[in-house]
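**Q** Coordinates only, no sequence provided:
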């Protein structure tokens, strides 16, 4: 099951187009990946402080599907999608929780990170964090497989 | 010749990694495209106010090459790369002006916009703005061709 | 009992001093007053949309007591302190929830607002909202009186 | 003569009230004081890097007089008003440059700073910076006196 964080849109995050300013979606991505890491049993702050290990972003992209507006409840889903040597990727899905319980897709995106020391030298990810990420990637794959099964089931019954 | 705006990195834009927070590069992209439009002879504000025409972003991406730091002078280059029906694309190049006059590439990126009314209905771009964008695209192409010529010249002479 | 909202410090909110950038405390004030209004039974968004009533800030101040840091859990307490004609004041108290359950005061502040229409003309606050604010001011006073009683009790017993 | 910096309002800085979000004025204050320091012959970045000296804010206040809007040219005036032991104060005046050359007052404010090491211990300001600040305070006073003279002159002539 993916880790989902929830954030309410702040007035500060809107712009005069009456929607959330486009750069702020990347802030939600950051919240999503930090909360994912926390759910995996470690905190990003500790990794920075105790292991001299930071995760600067080398690539980010976002596809905006529907505008987020002031006071919306935004649900942030983050998944690790790759960990190879010092390269780490995450995928994100932002959606709005509607009053009737349904969800509207707001945006999808990805970030690519390089595991580094504070002096910006590439380094391996500390072992226990690496294992947690791999477990989450495995779980995400299983989750997707299960979802596909559910989706396909009506087809199979016909 | 591409339009270049210049911005000094604000303290507010740094984070505890001692570099500019990754979402802020998208703010510089916005400054770059607005200043490009201004250099083409119209202002974005007027287009919003008088023509009921806004340019919400539907896609954004950024590749971070070298970290921008506090007090850096960032040069923002923006170019329109596509205008087709209601779809408008820009490419960006951010670099740091060094003390010795050289430039360090900080990031490259793209945004895709849909021309809309304030009520988020697709519409054509007002005619005079469309023409200005097309002229800029043409100029950018010529500029690239000239640059290639210069680059190839030493090769041709050898 | 004061309304308390909770926000975790985002990476985006830190600066290279390793603390939260000072302007961001005003964003927390905003969250505090919106959540206070919500707790009083109405939402700010609806007041803007349905009553053509906005609350622009005409004065803000903040006294920073202890720096907030990345990943801190910040508790935001907001209280209305004045509603007179079209002028509305709030007081704020930000504190960090420590691991041992204690709280560290981070900052205190105030904002002054003028009740306006979207075209920035002063107007009275819609009646039901005014009543809710007055009730909250009354409750805050009672709350303070109770707290003073508790504080004074040892003195009285001596 | 006061040091004046100029900033154009970014789309990112507006909110759905169609004005600049109130916390962003404090970012302009920061730009004003950094540019003031630069004009006095030293840069804040160097003071942080080479003298282990930072200037965290302990108090900030702002009175908003007229809303700043998208694309406005904002002029930022900053003056040091006190330097006593480790305490440093600045006053700010933000105004909009109008098309006819006149200026509209947008906001006024103050910040109070404590001179500190990176580990947040109070320390004296490095000598040469202290001297520059004192010179600027002296110049500001002279400037105000001159302005008063000009103002009073018509009265004297009558």
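**A** Yes, it's here. Everything numeric here is computed off the predicted structure, so don't read it as measured data. Numbers count the residues shown, from 1 in each chain, chains lettered A, B, ... in the order given.

**Q** In contact with the nearest residue to residue A:42 once chain neighbours are set aside, which residues?
**A** If the residues on either side of it in the chain are set aside, residue A:42 comes closest to residue A:129, at 5.6 Å by Cβ to Cβ, 6 or more residues apart in numbering or on different chains. In this view, the C-beta of every residue, glycine as well, is placed from N, C-alpha and C. When contacts are counted by Cβ atoms under 8 Å, 6 or more residues apart in numbering or on different chains, residue A:129 is found next to A:37, A:42, A:47, A:51, A:53.

**Q** what helix or strand is residue A:129 on?
**A** helix A:127-157 (DSSP states H and E).

**Q** sorry, back to before: ok, and the most crowded of the contacts of residue A:129?
**A** Sorting the contacts of residue A:129 by how many neighbours each has (other Cβ atoms under 10 Å in any protein chain shown) puts residue A:37 first, at 24 neighbours.

**Q** I'd like to know how far that one sits from residue B:137.
**A** Noted for residue A:37: a distance of 43 Å to residue B:137, by Cβ to Cβ, to the nearest Å.

**Q** Can you list the helices and strands that the helix or strand containing residue A:81 packs against?
**A** Here residue A:81, judged by DSSP H and E, is contained in strand A:73-84. Packing partners of strand A:73-84 (3 or more Cβ pairs under 8 Å, 6 or more residues apart in numbering or on different chains; DSSP states H and E): strand A:3-8, helix A:24-39, strand A:87-97, strand A:103-114, helix A:127-157.

**Q** Can you check which of these gets nearest to residue C:86?
**A** strand A:3-8 (27.2 Å; Cβ to Cβ).

**Q** partners of the spatially most central residue of chain A in the sheet?
**A** Closest to where the C-alpha atoms of chain A average out (Cα atoms, centre = their mean) is residue A:78, at 2.4 Å. Beta-bridge partners recorded for residue A:78 (DSSP bridges): residue A:3, residue A:92.

**Q** Identify the residues contacting it.
**A** A:2, A:3, A:5, A:29, A:32, A:33, A:35, A:36, A:90, A:91, A:92.

**Q** possible to save those as TSV with neighbour count?
**A** TSV is the format used below for the contacts of residue A:78 (neighbours: other Cβ atoms under 10 Å in any protein chain shown):
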residue	neighbour count
A:2	18
A:3	19
A:5	19
A:29	25
A:32	28
A:33	26
A:35	20
A:36	25
A:90	24
A:91	19
A:92	25
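
**Q** Format those as a markdown table; extra columns: pLDDT.
**A** Shown next, in a markdown table, are these (pLDDT from 0 to 100):
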| residue | pLDDT |
| --- | --- |
| A:2 | 65 |
| A:3 | 69 |
| A:5 | 94 |
| A:29 | 98 |
| A:32 | 96 |
| A:33 | 94 |
| A:35 | 94 |
| A:36 | 93 |
| A:90 | 97 |
| A:91 | 97 |
| A:92 | 97 |
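
**Q** which one of those sits closest to chain D?
**A** The nearest member of the contacts of residue A:78 to chain D, counting by Cβ to the nearest Cβ, is residue A:29 at 16.9 Å.

**Q** isn't that closest one right up against residue A:89?
**A** No. If you go by Cβ atoms under 8 Å, residue A:29 and residue A:89 don't touch, sitting 11.9 Å apart.

**Q** Now for those two: what residues contact both?
**A** Shared contacts of residue A:29 and residue A:89, counting by Cβ under 8 Å, 6+ apart, come down to residue A:111.

**Q** So which residues on chain A come close to chain B?
**A** Contact residues (Cβ under 8 Å from any Cβ of the partner chain) of chain A with chain B: A:17, A:19, A:22-24, A:26-27, A:30, A:48, A:54, A:56-64, A:67, A:118, A:120.

**Q** same for chain D: which of those are within range?
**A** Restricting the residues of chain A next to chain B to those near chain D by Cβ under 8 Å from any Cβ leaves residue A:23.

**Q** Tell me the buried residues within the residues of chain A next to chain B.
**A** Neighbour counting with 16 or more other Cβ atoms under 10 Å in any protein chain shown marks A:17, A:19, A:22-24, A:26-27, A:30, A:48, A:54, A:57-64, A:67 as buried within the residues of chain A next to chain B.

**Q** Quickly compare the helices and strands packed on strand A:73-84 and say which is most buried.
**A** Across those, averaging neighbours per residue (mean count of other Cβ atoms under 10 Å in any protein chain shown) puts helix A:24-39 on top, at a mean of 23.

**Q** check contacts around the residue nearest to residue A:89 when sequence neighbours are not counted.
**A** Counting by Cβ to Cβ, 6+ apart, the nearest residue to residue A:89 once its immediate chain neighbours are dropped is residue A:82, at 4.0 Å. Residue A:82 makes contact with A:88, A:89, A:137 under the criterion Cβ under 8 Å, 6+ apart.

**Q** Help me confirm that the last one comes into contact with residue A:88.
**A** No. With contacts counted by Cβ under 8 Å, residue A:137 stays clear of residue A:88, the gap being 10.2 Å.

**Q** Common neighbours of those two, please.
**A** With Cβ under 8 Å, 6+ apart, residue A:137 and residue A:88 have common neighbours A:80, A:82.

**Q** in chain A, which helix or strand is least confident?
**A** Using mean pLDDT, DSSP states H and E, helix A:127-157 stands out as the lowest-scoring helix or strand of chain A, at a mean of 71.

**Q** What does residue A:85 show for phi and psi?
**A** For residue A:85, the backbone dihedrals are phi 50, psi -120 (criterion: degrees, to the nearest 10).

**Q** That one: what's it in contact with?
**A** Applying Cβ under 8 Å, 6+ apart to residue A:85 gives the contacts residue A:124.

**Q** and stretch A:52-59, anywhere near chain C?
**A** No. Judged by Cβ under 8 Å from any Cβ, stretch A:52-59 and chain C are separated, with a smallest distance of 10.0 Å.

**Q** contacts for that stretch?
**A** With Cβ under 8 Å, 6+ apart as the contact definition, stretch A:52-59 has outside contacts at A:44, A:47-48, A:88, A:110-118, A:120, A:123, A:125-126, A:129, B:17, B:19, B:22, B:61-64, B:67.

**Q** now with 6 Å?
**A** A:47-48, A:111-114, A:116-118, A:126, B:17, B:22, B:63-64 (Cβ atoms under 6 Å, 6 or more residues apart in numbering or on different chains).

**Q** right, and residue A:45 touches residue C:72 too?
**A** No. In this structure, residue A:45 is not within contact of residue C:72 by Cβ atoms under 6 Å, at 9.3 Å.
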